[in-house]
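Student: Okay, predicted coordinates and the sequence, questions at the end:
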Amino acid sequence: MAYEKELEIAMLAVQRAALLTKSVYTSHTKGTLSKSDSSPVTIGDFGAQGLIIASIKHAFPSDEVVGEEDADDLRSDAQLRDLVWDLVQTAKLDDASEEEKIGGPISSVEKMLDAIDSGRSQGGPSGRIWALDPIDGTKGFLRGGQYAVCLALLVDGVPTVGVLGCPNLPISDDVVIDSSTGAHADSGEGKGVLFAAVKGEGATSRPLTSGALAEGKKISMKPLEDLTQATVCEGVEAGHSSHGDNAAIATKLGVTKPSVRLDSQAKYGSIARGAGDLYLRLPVSKAYQEKIWDHAAGVVIVQEAGGEVADAWGKPLDFSIGRTLKENKGVVAAPKSIFPKVIEVVKEVLDAKEW
């Protein structure tokens, strides 16, 4: 299988990082800071990024990483740094041979900080570049909703390997998402799923574990013959996606069910396995640029599950031009069979607003 080692390392790295994020999720102390763009970051974000980049650099030392976070705040705040270091030290897979594949424990605080700071790649059109979001959906993470640990390998600007760890989603691929999925979530019994895909090889889901990888099974998008019965996924935060435009599009498509709002790339995983059908992320401003780490893993998983992903005007997402999708506006994902119809309606709604 192509990219077999990359897929295995990515899944193990995400699985180990999810052990850390779950411990922070259930804690009362999340060490929350506000970044320059007012978005929140937690000790879980820092710790998960350090663990995952250390795993990648152990296995593929010459690969670059585009990560969402950096260690500047930790270097200037000893108390915060020590909180993160404590978390990183305790996050270990309980299978020693699997732990060793991703480099084993990080050996020092300085190596942890260096790992976090190794996510400063600017991206680009050539070579092997990993796109990492250690906790996608941080607001959901803080609110008690869905979040995802997201990792993708871009090869010459194309998402080629994608892994999503979703600790609060049901393990079962048969559970259809609804309004309860995005609220009051937890990682209890029957929860925690690892989605993965390699370009040209299909997509899988498997339970998240604390050790060796569980057996995966193929997933695919649900055949959708009646659009009126579609489950539409959208983000919770109105600042990321226009809920009004989403509603107008759903109405024009004849969708009768209310949209399901979920944080993070859990939406991509959900539609890829047929727990939902469409994902709409309509632009809220001409200035906003989507980040590559918010979409790369989910895109390859949905594509390999039989779906299509493009921007709101049907243009392919271009991951080759840096840390953002600056040549695209909005994101639409749907089964191939209905994708042209969905894009047609999206364009009608947005053109009416003179976008």
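Tutor: Structure received.
Student: going forward, measure contacts between C-alpha atoms and count neighbours the same way
Tutor: Will do.
Student: and the gap between T256 and V232?
Tutor: According to CA to CA, to the nearest Å, T256 stands 10 Å off from V232.
Student: Domain map for this protein?
Tutor: As given by automatic domain parsing, the domain ranges for the chain are 4-219, 227-351.
Student: picking that back up, show me which of T256 and V232 is the more surrounded one.
Tutor: Remark: of T256 and V232, V232 carries more neighbours, 26 against 14, as counted by other CA atoms under 10 Å.
Student: And the strands in this protein, which stretches?
Tutor: In the chain, the strands defined using DSSP state E lie at 33-34, 40-41, 64-67, 128-136, 148-155, 158-170, 191-198, 202-207, 217-219, 232-234, 260-261, 278-281, 307-310, 331-335.
Student: where does this structure dip in pLDDT?
Tutor: 28-29, 31, 36-39, 240, 355 (pLDDT under 70).
Student: Go through it and flag its longest helix.
Tutor: Using DSSP state H to define each element, the chain has its longest helix at helix 4-25.
Student: tell me the angle it makes with strand 191-198.
Tutor: Interaxial angle, helix 4-25 versus strand 191-198 (axes from the mean of the first three to the mean of the last three CA atoms, to 10 degrees): 150 degrees.
Student: what helices or strands is helix 4-25 leaning on?
Tutor: Other helices and strands packing on helix 4-25, by 3 or more CA pairs under 8 Å, 6 or more residues apart in numbering; DSSP states H and E, are helix 43-59, helix 78-90, helix 96-101, strand 148-155, strand 158-170, strand 191-198.
Student: Let's see that with 10 Å instead.
Tutor: Secondary-structure packing of helix 4-25 (3 or more CA pairs under 10 Å, 6 or more residues apart in numbering; DSSP states H and E): helix 43-59, helix 78-90, helix 96-101, strand 128-136, helix 138-143, strand 148-155, strand 158-170, strand 191-198.
Student: which neighbours does the last one have in its sheet, and in what orientation?
Tutor: So the one you mean is strand 191-198. Strand pairing for strand 191-198, determined by DSSP bridges: strand 158-170 (antiparallel), strand 202-207 (antiparallel).
Student: From the chain's centre, how far out is it? Work that out for me.
Tutor: Here the centre of strand 191-198 is set off from its chain's centre by 10 Å, with CA atoms, centre = their mean, to the nearest Å.
Student: and the angle for it with strand 148-155?
Tutor: Interaxial angle of strand 191-198 relative to strand 148-155 (the same axes, to 10 degrees): 10 degrees.
Student: export strand 191-198 as CSV, just CAs?
Tutor: This file holds the C-alpha atoms of strand 191-198, laid out as CSV (Å, rounded to 0.1, in the frame of the first residue of the first chain):
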residue,chain,number,x,y,z
LYS,A,191,-17.0,7.0,21.9
GLY,A,192,-13.8,7.8,20.2
VAL,A,193,-13.1,7.2,16.5
LEU,A,194,-10.0,7.4,14.3
PHE,A,195,-10.6,8.2,10.7
ALA,A,196,-7.9,7.7,8.1
ALA,A,197,-7.3,7.7,4.4
VAL,A,198,-4.6,7.6,1.7
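Student: can you start the count at 15 instead of 1 from here on
Tutor: With 15 as the first residue, the last one maps to strand 205-212.
Student: And it, what's buried?
Tutor: For strand 205-212, a neighbour-count test (16 or more other CA atoms under 10 Å) marks K205, G206, V207, L208, F209, A210, A211, V212 as buried.
Student: give the contact list for the fifth one.
Tutor: When you say that, I think you mean F209. Applying CA atoms under 10 Å, 6 or more residues apart in numbering, we find F209 in contact with 25, 164, 176-180, 217-222, 230-233, 280, 282-284, 286-287, 311-312, 315.
Student: again, but for the third one
Tutor: The contact partners of V207, by CA under 10 Å, 6+ apart, come to 29, 162, 178-187, 201, 219-223, 280, 283.
Student: try the first one
Tutor: Contacts of K205 were listed using CA under 10 Å, 6+ apart, and they are C180, P181, N182, L183, P184, I185, S186, A199, P221, L222.
Student: what separates the fourth one from S194, distance-wise?
Tutor: In this structure, L183 lies at 11 Å from S194, with CA to CA as the measure.
Student: Then the third one?
Tutor: Using CA to CA, one obtains 12 Å as the distance from N182 to S194.
Student: Please apply the same query to the first one.
Tutor: Distance, C180 to S194, by CA to CA: 16 Å.
Student: again with the last one
Tutor: Using CA to CA, we find L222 at a distance of 21 Å from S194.
Student: quick one: which of these two has more around it?
Tutor: L222 (25 against 12).
Student: looking at it, that one is touching G179, isn't it?
Tutor: Yes - if you go by CA atoms under 10 Å, L222 and G179 touch, sitting 7.3 Å apart.
Student: and for those two, which residues touch both?
Tutor: The contact sets of L222 and G179 overlap at M25, V28, Q29, R30, A32, G206, V207, L208, F209 (CA under 10 Å, 6+ apart).
Student: just curious, which of those residues is nearest to D170?
Tutor: Of all the shared contacts of L222 and G179, D170 sits closest to M25, with 21.3 Å by CA to CA.
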